[in-house]
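Colleague: Here's a sequence, model it:
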Amino acid sequence: MIAYEYFINGKTGINEIFFIQKVLTSLYFSAVLLVAIISVIFLKQALSPLSYITYQLGEINVGNLHKRIKAGKKNDEIYQLSAALNKMLGNLEESIRLQKTFAANVTHELKGPLTGLMSEVEQALLKDHSPQEYKQMLVSFQERLQSFNRMSNDILKLMELNFDVSRISLIPLRLDELVWLAVAEMKKRIPGREVSVDIQVEDHNIPDSFYVIHGNKELLLVAIGNVLDNAAKYSSSNALIEVILRLNKNKGNTIEINDHGVGMKQEDLSNIGQPFFRAESVKHILGHGIGLSLVKQIMNIHNAFVDIKSVPGYGTSVHFNFPIK
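Modeller: Prediction:
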């Protein structure tokens, strides 16, 4: 009898243990499920601003780049992400605006020389001319085509600098050799122009390495050549063009180009680096207004800057300032 009761009570205890085990297991899985559900809810709430940002970005295209993203509370991570994206959208909008303006200006500027050339050709075909007259017409055509060619080259170079600066290689270059080479090339383009070159060294004991900068030879020749060509174009044919190279170990190296031409007003100087801008004093002279914009781009690539001073009727002075390394 005692053994039977022990057996019954022992079996009941085992059943109770199994029951408690099932209850605890159920509670464990229920707790895990509850934690998972709560985590999903909180995660969804946490990611909802990102979903909203994604939705807003999907609504923005080239036609409505003025739109901005609205998400996040001030100073939290979502707000900082929204601010960074808005800044990127602003830069993209400005870049596309500049490209559209540049394309419109290019179209306008290309149309002008072609229209003028076609008009001259039509006038030439209206009647017969003497050999001397035909020669004068051909000279005029040549000047227009040369101007058109220079403009096309400058536009292509400017576009290249705007879109892919990473491929530009910089090598050690001597400034004095660069100046002499730029002057020699300018004299080939414009024979007979008088150009003086003066190299001023603060201390004649400075090492040769002080003459050297890291730059792109082709681009620097384009920049210096553009300013030299402008000096020749906007001054009389017998006016001297002065090129001065100043080497100063405290202030840096400077290439200065001075002309004695028509000069510019002070209000024009602030816009002189804008593509296709031309000062009032030179609009009657054949040109396209890209040169100095290209010059400034090239100087930016070399961590140098351009300083332009001008007085109407007295001339213009352009300084290329290379900082001390």
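
Colleague: and F42, helix, strand or coil?
Modeller: Taken by DSSP: H, G, I helix; E, B strand; the rest coil, the conformation at F42 corresponds to helix.

Colleague: typo on my end, it should be S235
Modeller: Assigned by three-state DSSP, the conformation of S235 is coil.

Colleague: residues near the closest residue to it other than its chain neighbours, how many?
Modeller: Leaving aside its chain neighbours, S235 sits nearest to G261 (3.1 Å; criterion: Cβ to Cβ, 6 or more residues apart in numbering). For the C-beta atoms, the positions are set from N, CA and C on the backbone; glycine is no exception. Neighbour count for G261, taken as other Cβ atoms under 10 Å: 23.

Colleague: Am I right that G261 sits in a strand?
Modeller: No - applying three-state DSSP, one finds G261 to be coil, outside a strand.

Colleague: So it sits against G313, correct?
Modeller: No - assessed by Cβ atoms under 8 Å, G261 is found out of contact with G313, at 9.0 Å.

Colleague: Find the helix or strand that S196 is a member of.
Modeller: strand 195-201 (DSSP states H and E).

Colleague: Near R174, how many other residues are there?
Modeller: R174 has 14 nearby residues by other Cβ under 10 Å.

Colleague: Show me which residues of the one helix or strand L178 maps to are buried.
Modeller: Using DSSP H and E, L178 sits within helix 175-189. For helix 175-189, a neighbour-count test (16 or more other Cβ atoms under 10 Å) marks 175-176, 178-179, 181-183, 186 as buried.

Colleague: do stretch 225-245 as well
Modeller: Buried-residue list, stretch 225-245, by 16+ other Cβ under 10 Å: 225-235, 241-245.

Colleague: was I right about L85 contacting K70?
Modeller: No - at 10.9 Å, L85 does not count as touching K70 under the criterion of Cβ under 8 Å.

Colleague: Of these two, which one has the most company?
Modeller: Ranked by neighbour count (other Cβ under 10 Å), L85 and K70 place L85 first, with 17 against 10.

Colleague: ok, and the closest non-adjacent residue to the more buried one?
Modeller: I69 (5.4 Å).

Colleague: burial count for the residue nearest to L117 when sequence neighbours are not counted?
Modeller: Distances taken as Cβ to Cβ, 6+ apart place R144 nearest to L117, at 5.1 Å, with adjacent residues excluded. By other Cβ under 10 Å, the residues close to R144 number 16.

Colleague: hang on, R144 in a helix?
Modeller: Yes - the assignment for R144 (three-state DSSP) places it in a helix.

Colleague: circling back: I'd like the distance between the residue nearest to S235 and S237.
Modeller: Between G261 and S237 the distance is 11 Å, computed by Cβ to Cβ, to the nearest Å.

Colleague: same check, this time on V183
Modeller: 17 Å.

Colleague: In this protein, what residue spans correspond to helices?
Modeller: 2-59, 77-125, 131-163, 175-189, 217-233, 266-269, 291-301 (DSSP state H).
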